[in-house]
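Peer 1: I would like the atomic coordinates for the input below:
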Amino acid sequence: MPEDLNDALASLRPLLLDLESLVRAVAAGRRRGSEPVPSRVELRPVDLAAGRRLQAVLTVANSAPLTRNVTGDEAGRLVDEMLAEPFGNWHVETLDEVRQLRVTKKGQAQVHVARTSRRDVLRRTGHDRVRQRLLDPGDPLFDALGADADKRRQVDAFLRLLAPVAARAAARPIRAGRPLHVADLGCGNAYLTFAAHRYLLQQVGEAGVRTVGVDVRPDMVARNTELAERLGLTGLEFVVGEIAGTDPGPGDLDVVLALHACDTATDDALAVAVTRRAPVVLAAPCCHHDVQRQLAARKAEGQGPPPPYGALTRHPILRERFADVLTDAVRAGILRLAGYRVDVVEFVDSRHTPRNALIRAEWTGARPDDVLRAEYDDLVTAWGIRPRLADLIGKAASL
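Peer 2: Numbers count the residues shown, from 1 in each chain. Below is the predicted model of the structure:
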């Protein structure tokens, strides 16, 4: 049965502003003879460091989607603005119902309400709400990057590792009033650079984010620059250069990323982070040839591994895998000696890549104790290796 349109839209307002019950709402389409300014808007609750907010992603023709995170009176004004737009359809999903509103040719409302069992499901599974992706899987960013479903899951996994440490970096009093400064060293095709920049823009508010991606390949930098401009991502730029010889910009670095930089390029990126005393470092190492070469050279010279660990490097495939573990263990140890708290976690599921370890470090300034220093010294001495990162930042880490 058709209803008065104004009354039907008014009934949506409390549903859209109830952030404990709202799951998702989408407005799209147009009414006869009218055109809404955003062609589509999606509303959903999000939990940020500052608390729960109503997130609105507005799609406007020929421009990148605009994301706003609002609360209180600002949320009320935003909802009123969207309800006043001449959308042809509203789809509102809460924990208790799904409400669909369609505007007829005569300007009336056809409303269908279906009860759901979403609340019961959530209660049984012990969760407060359905797990939300940190970036909307429908974000045009993913289409522009050619990201399939697996890639989108990888982005979400990465952002969940970045989110808590980046929030603490953004909250430091020393950063007040300036953009969050992010450097991705050895960014490659930069799909995680784009995702991190988009996500962080949603989190830090008016101060904004400045992200610099550095890569040695001019064609890749040109491609990334063009894509950033096409998506309207302000504050994101790409420069050509070697990691060790490129300055990612003046001032403090807040977050340093090094995702699958090859071999000792990861060490170069970690050295930049340590010498600039970046509060947050996320490094997903790629190949580890340097330590592999050192182990192979010692074996050729008749200087095998310390007993009783000969079996670890006897076979080439095991020597290669052990060198990966040894390299990252040493890197983590050096970062601890340099004043960082470090954990090594799974980056992406091993089905996607065997190079799935991620070193996540936060600057604390803590002085290393004698036990930690002795542990590192004993490890590199026993295996007879000289890590490149130690050469790069030996003084900073008192090595």
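Peer 1: which residues touch residue 18?
Peer 2: residue 94 (Cβ atoms under 8 Å, 6 or more residues apart in numbering). Bear in mind the C-beta positions are built from the backbone N, C-alpha and C, glycine included.
Peer 1: do the same with residue 107
Peer 2: Contacts of residue 107 by Cβ under 8 Å, 6+ apart are 5, 31-32.
Peer 1: how about those in CSV, adding pLDDT and distance to residue 18?
Peer 2: CSV is the format used below for the contacts of residue 107 (pLDDT from 0 to 100; distance: Cβ to Cβ, whole Å):
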residue, pLDDT, distance to residue 18
5, 94, 22
31, 92, 26
32, 87, 31
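Peer 1: dump the residue contacts of the most centrally placed residue in the chain.
Peer 2: Centroid-nearest residue in the chain: residue 159, 2.8 Å away (criterion: Cα atoms, centre = their mean). For residue 159, the contact set (Cβ under 8 Å, 6+ apart) comprises 134-135, 195-196, 199.
Peer 1: sorry, back to before: among the contacts of residue 107, the buried ones, what's the ChimeraX command?
Peer 2: To isolate the buried ones among the contacts of residue 107 in ChimeraX, judged by 16 or more other Cβ atoms under 10 Å, type:
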select :5,31
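Peer 1: Quick check: of the contacts of residue 107, which lies closest to residue 391?
Peer 2: Nearest to residue 391 among the contacts of residue 107 is residue 31, at 67.3 Å by Cβ to Cβ.
Peer 1: Just give the closest residue to the closest one, not the sequence neighbours.
Peer 2: Leaving aside its sequence neighbours, residue 31 sits nearest to residue 86 (Cβ to Cβ, 6 or more residues apart in numbering; 4.4 Å).
Peer 1: go on, residue 189?
Peer 2: Closest to residue 189 by Cβ to Cβ, 6+ apart is residue 220, at 6.5 Å.
Peer 1: count of residues packed around the one you found?
Peer 2: 17 (other Cβ atoms under 10 Å).
Peer 1: So what does it have for phi and psi?
Peer 2: phi -70, psi -40 (degrees, to the nearest 10).
Peer 1: Would you confirm that it contacts residue 188?
Peer 2: Yes. With contacts counted by Cβ atoms under 8 Å, residue 220 reaches residue 188, the gap being 6.5 Å.
Peer 1: Save the contacts of residue 159 as JSON lines, and put in neighbour count and distance to residue 237 too.
Peer 2: Shown next, in JSON lines, are the contacts of residue 159 (neighbours: other Cβ atoms under 10 Å; distance: Cβ to Cβ, whole Å):
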{"residue": "134", "neighbour count": "19", "distance to residue 237": "23"}
{"residue": "135", "neighbour count": "21", "distance to residue 237": "20"}
{"residue": "195", "neighbour count": "25", "distance to residue 237": "16"}
{"residue": "196", "neighbour count": "28", "distance to residue 237": "14"}
{"residue": "199", "neighbour count": "23", "distance to residue 237": "17"}
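Peer 1: avg pLDDT for stretch 163-182?
Peer 2: Per-region confidence: stretch 163-182 scores 82 on mean pLDDT.
Peer 1: Quick one: distance of it to the chain centre.
Peer 2: Centre-to-centre, stretch 163-182 and its host chain are 14 Å apart (Cα atoms, centre = their mean, to the nearest Å).
Peer 1: which of the residues in it are buried?
Peer 2: 163, 165-167, 169-170, 175, 179-182.
Peer 1: who's in contact with residue 299?
Peer 2: Residue 299 sits in contact with residue 313, where contact means Cβ under 8 Å, 6+ apart.
Peer 1: secondary structure element for it?
Peer 2: helix 289-300 (DSSP states H and E).
Peer 1: tell me which residues in that helix are buried?
Peer 2: 290-292, 294-296, 298.
Peer 1: got it, and stretch 73-86?
Peer 2: Buried-residue list, stretch 73-86, by 16+ other Cβ under 10 Å: 75, 78-79, 82-83, 85.
Peer 1: any idea which of the residues you listed is closest to residue 381?
Peer 2: Of the buried residues of stretch 73-86, the one sitting nearest to residue 381 (Cβ to Cβ) turns out to be residue 75, at 60.1 Å.
Peer 1: could you pull out the strands for this structure?
Peer 2: 22-28, 40-48, 51-59, 66-70, 89-94, 97-103, 109-115, 180-185, 209-215, 236-240, 255-259, 280-284, 340-346, 357-363 (DSSP state E).
Peer 1: So, low pLDDT: which residues of the stretch 51-200 of the chain?
Peer 2: For the stretch 51-200 of the chain, the stretches with pLDDT under 70 are 62-64, 117-132, 174-176.
Peer 1: Surely residue 54 and residue 43 touch.
Peer 2: Yes. Using Cβ under 8 Å, residue 54 is in contact with residue 43, at 6.2 Å.
Peer 1: what's the overlap in contacts for those two?
Peer 2: 16, 22, 79.
Peer 1: any idea how far the second one is from residue 135?
Peer 2: Put plainly, it is residue 22. 19 Å (Cβ to Cβ, to the nearest Å).
Peer 1: Could you chop this protein up by domain?
Peer 2: With domains defined by automatic domain parsing, the chain comprises 5-125, 140-393.
Peer 1: Looking at those, which one is packed in the most?
Peer 2: domain 140-393 (a mean of 18; mean count of other Cβ atoms under 10 Å).
Peer 1: Tell me the span between the first and last residue of that one.
Peer 2: One end of domain 140-393 sits 41 Å from the other (Cα to Cα, to the nearest Å).
Peer 1: same check, this time on stretch 302-321
Peer 2: 21 Å.
Peer 1: who touches it?
Peer 2: Residues contacting stretch 302-321 (Cβ under 8 Å, 6+ apart): 292, 295-296, 298-299, 322, 382-384.
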